Structures are given as C-alpha cells and as structure tokens.
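[1] Fold the following, please.
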Amino acid sequence: MGGAGTFVVARWRPVQQHPVAGFLLPCQGDFMAASAQKVSRYTPGEWRNLRLGLLFVSPWVVGFVVFTIYPLLASLYYSLTRYDLLRPPVFLGIKNYTTLFFDDPHFWNVMGNTIYYVGVSVPLGVGSAFIIANMLNSRVVARTFFRGIIYIPSIVPAVASAMVWDFLMNVQWGAINGLLRFFGLPVIPFLSNPAWSKPSLILVAVWANGAAVVIFLASLQDVPRALYEAATVDGANIWHRFRNVTIPITSPIILFNLIMGLIVAFQEFTIPWLLTQGGPMNSTEFYLVHLYRNAFAYLRMGKASALAWILLFIIVVFTILVFRSSARWVYYGGDK
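    From the prediction side, this is the model:
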C-alpha cells in the first residue's frame, strides 16, 4: 500500500496552462523555457512588420522627445539656475522659487491679477455660453445663421481680434467712445484706467467663447426629449425643466468647459499683451505676460522657467479641486 502511494507521488507532476497559447505545460521550468522559445519565434515577415512599424512611428517619437521631453527637462533644469542666454547657466538650487515667493512683491500682484481674471472670466464665460447654447437650441428664427455667427470669434486670429477691440475701446479714437461723445456722454477709459482694464479684457474673453457654445449646443441636442415630456406631464415649467433636466444631463459638459476655461484663462497672453502690455499701472500684468517679460525682455530665463513650473503646479491644483468638487454636482448617466 505504501509502495503504491509512493509510486503515484513520484509520477505526479504539476500541470500549468500557458496563458497565451492555451496549451498545458508540465512544470514551471518547462513553462519558462517554452515561453521564451515561443516569444523568440518571429517569422521574417513579422520582423519586417516590426521594423516598418518602428520606422513609421519614429518621426513622432523623435519629435516628441526633441520638442516636448527635452524642453520640459531643460526648463526644469534652468529653473534651478541663473541663465541669461549669453553666459553659461549658474546653478542656484531653489533660489528662484524662494525669491519669487518671499522677495518679489510684484509676483503677488501678478498672481492677484491672474486669479481675479480667472475667477471672473471663467464662470462668466461658461455661464454665458451655456445660456446662449440653450437659446440657440430652441426654435428661434434663423438659428442656423446665429449658430454660425456665434462661432466666428473662435476662429478669428487673436491678433485680428485685438486690433478690432482696440479700435472699439480706445479712449481717444475708439468707436464706442466716439458714439458716447456724439450723444454728449462721458467717455469710458476701457484700456487706460486700472478700474476698467481687467473688466474690458474679461469682456473680450467672454465674446470669444464660441467654441464652448458649440460644445454645449451639441450636448443639449443629445438630451432625451422624453425627459422634457415627462417633466411637462408632471407639471414642471420652463425653469423646472431647465434646472432638473437640462443642467444635470449636461453637467459633464459643464465640467469639461470649466476645466478647459481654467487652463486657457491661466495662460492668457495674446489679447492682454496686444491691448495693454500689462498696463495701466500693471493692472493687466497677468501671469503669462509676466513670464514673457522676464524671459524675453529681461533675459531672466531661470526665473521665467521657475514661473512656468509654478504655473503648471497651480493649474494642476485647480484642476484637481474642480474634479474633486464635481462629485457633488456632476451627474453621469450610469450613476444611481
């Protein structure tokens, strides 16, 4: 009896199944050897396809490394140095960061201007785009024409838009102030008074928000009509349908436009630079304007690189905060 049991144990070997090929292997050592043998068996055609695939993808890989990875790492290195493009960089550690936070009062003025601009322009832009999209989604006369018109500011070059708004809001020869003078009303110093400069730039940003309108309009057309009909049967008026049907169903798109608006607003540069160049009295010295001035006017590449990394951190923090808050107000179709 004992001999028979011993014989059975001696003949038994663990069986494992190959996870890819699906055949049975007698033991772990055989499994590893067979796997290596299986992987290494490329036919000449497979090797040719592999080489061709790497060849076709190589321009993107080279471009990504040269124009994205290398500038990113170089910027991180230069943010730890004093570098003016004319002399070799001098390593300083985190001195550029500590100087910005503790020894540069102008930095906090720039942060205040940027936070004010982002905090007002983004909610106002998203809210106005959502309202306009709802209006264009209703049965209005010539709504196709208005849908095209509302998107035009988004495709007009920023330089052309800046020239148009400079013509409209200039205090001396601007069209709006010329109209006010014609009616005997006082002129409005849109771009030459610190109290009016940031609201004027916010107006321009809201005007050029046609892309968000189009995205909202596409989401509104996907709202099931049955939900509106059921709400109407239950006695809901227009406001109730808007609040309890439209907003919850389109809340993921509101989140998307809000995050995109935050990212774009923190990096606003072209319109402020062309219209005010940071003035008057540094009231429109936004973050990217300040970064550009340090990099290309003062040649403080180390400080400019530090500003860029701080901006990246700020955008990431705000994005995370918005995402964490979205659990309270964003509704997804699969949620219960």
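[2] what about Ser326, how many residues close to it?
    Neighbour count of Ser326, defined by other Cβ atoms under 10 Å: 17. In this view, the C-beta of every residue, glycine as well, is placed from N, C-alpha and C.
[3] start at 34 instead
    Let's use 34 as the start, then, which means that last one is Ser359.
[4] Distance of it relative to Val247?
    According to Cβ to Cβ, to the nearest Å, Ser359 stands 22 Å off from Val247.
[5] what's the answer for Arg276, then?
    Using Cβ to Cβ, Arg276 is found at 23 Å from Val247.
[6] Looking at the two, which is more packed in?
    Here Arg276 and Val247 are set side by side on neighbour count (other Cβ under 10 Å), and the busier one is Val247, at 17 against 12.
[7] Any buried residues in the longest helix along the chain, and which?
    Looking across the chain with DSSP state H, the single longest helix is helix 138-170. Of the residues in helix 138-170, those scored as buried under the neighbour-count criterion (16 or more other Cβ atoms under 10 Å) are 140, 143-144, 146-148, 150-151, 153-155, 157-159, 162-163, 165-167, 169-170.
[8] again with stretch 306-314
    Taking 16+ other Cβ under 10 Å as the neighbour-count basis, stretch 306-314 is seen to contain the buried residues Trp306, Leu308, Thr309, Gly311, Pro313.
[9] what does stretch 277-297 give?
    Buried residues in stretch 277-297, counting neighbours by 16+ other Cβ under 10 Å, are found at 278-279, 281-284, 286-292, 294-295, 297.
[10] what's the closest of those to Gly78?
    Phe289 (44.0 Å; Cβ to Cβ).
[11] Is it correct that the closest one is in contact with Ala245?
    No. Taking contacts as Cβ atoms under 8 Å, Phe289 lies outside contact range of Ala245: 9.2 Å.
[12] care to break the chain down by domain?
    Segmentation of the chain into domains, based on automatic domain parsing, reads 35-73, 132-362.
[13] Tell me which stretches of the protein form strands.
    Listed from the start of the chain, the chain has strands (DSSP state E) covering 49-50, 57-58, 114-115, 123-124.
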